[in-house]
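Participant: need a structure here:
(2 chains)
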Amino acid sequence: GQNIDQPTEMTATEGAIVQINCTYQTSGFNGLFWYQQHAGEAPTFLSYNVLDGLEEKGRFSSFLSRSKGYSYLLLKELQMKDSASYLCAAPDNAGNMLTFGGGTRLMVKP
Amino acid sequence: EAQVTQNPRYLITVTGKKLTVTCSQNMNHEYMSWYRQDPGLGLRQIYYSMNVEVTDKGDVPEGYKVSRKEKRNFPLILESPSPNQTSLYFCASSSPGTTSSTDTQYFGPGTRLTVL
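Facilitator: Okay, here's the model as predicted:
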C-alpha cells in the first residue's frame, strides 16, 4: 500500500520562504507530484519529481530524496495568493492509481 | 480551451435517489479518474479508466459505478446515494498518449454533492 504524510497546517509571512515536507512509503516508486489547491477550487499541477535533487520553477522548487522517502516543496518570496493547500501525491507501482497525502494548508500573513 | 468539465457543480439530493455526475474532457486524454475529497482525509481515488471500456476500482469504490463508452466522457453513477457519500468530487484526466497516472492530471472544477 501507499502512505503519504504531510503537516496539516503551516503559517508564514508574506515575502518569506516556507518549506512544506512530505514523507512517503510506497510499494514501488513512480515519481512524486505536488499540487496546489485553493479553497473550493480544483487542484492544479506544480511539479513532478522522479530523480533525486532539487528542481526549480520560478518561486517554487521541489526536492526529492528517494532513499529517504522524502520530498519538500519550497516556496520563496511568499505572496498572499500562495495561501492554499499543497498536496503531495504518489502513483502506485503500476502507475494506475494516484494516492494523495492529506494536504498542507498554508496561510500567508501580511 | 483545453478543459475538464463536470456537471452538475452543486447537487443536493435525498437518500436512494439515483444520480449521475458527468465528466468530459476535450484534450484527447486516455486516462481519466474520479476522486472524492473530504476534510481530514484528502483526495481519495474512487475509480479510474485507462482507456475506452477499461475501468478499475480505486481506493474507495463502494457505492459508485462508472462507465467509459467514449474517450471524452467518464460519468460517475451513484445508484443509491447515502449521506456518507456527501463530499466534493473531482474528475481528472491525464496527458495524451499515456495510459497511466504518472503524467500530469488535469482536474475538473469539482461537484459538491450533499445527500440528505
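Participant: Near chain B, which residues of chain A are found?
Facilitator: Residues of chain A lying near chain B by Cβ under 8 Å from any Cβ of the partner chain: A:30-31, A:33, A:40-45, A:48, A:87, A:89, A:91-92, A:94-103. No exception for glycine: its C-beta is placed from N, CA and C like everyone else's.
Participant: Put the buried members of the residues you listed into a ChimeraX selection.
Facilitator: Typed into ChimeraX, the line below selects the buried ones among the residues of chain A next to chain B, using 16 or more other Cβ atoms under 10 Å in any protein chain shown:
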select /A:30,31,33,42,43,48,87,89,91,92,95,96,97,98,99,100,101,102,103
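Participant: Select from the residues of chain A next to chain B every entry located in helices.
Facilitator: Residues of the residues of chain A next to chain B located in helices (DSSP state H): none.
Participant: Next secondary structure after the lowest-mean-pLDDT helix or strand in chain A?
Facilitator: Least confident helix or strand, chain A: strand A:98-100 with a mean of 90, by mean pLDDT, DSSP states H and E. Moving toward the C-terminus from strand A:98-100, the next helix or strand (DSSP states H and E) is strand A:104-109.
Participant: which helices and strands does that next one pack with?
Facilitator: strand A:9-13, strand A:18-25, strand A:84-91 (3 or more Cβ pairs under 8 Å, 6 or more residues apart in numbering or on different chains; DSSP states H and E).
Participant: strand partners of that strand, parallel vs antiparallel please.
Facilitator: strand A:9-13 (parallel), strand A:84-91 (antiparallel) (DSSP bridges).
Participant: what stretches of chain A score poorly on pLDDT?
Facilitator: Scanning chain A with the threshold set as pLDDT under 70 gives A:1.
Participant: A:Ile63 and A:Glu56 touch, don't they?
Facilitator: One thing to correct before we go on: residue A:63 is Phe, not Ile. No - here A:Phe63 does not reach A:Glu56: they are 9.7 Å apart, not a contact under Cβ atoms under 8 Å.
Participant: burial of B:Met27, as a residue count?
Facilitator: 13 (other Cβ atoms under 10 Å in any protein chain shown).
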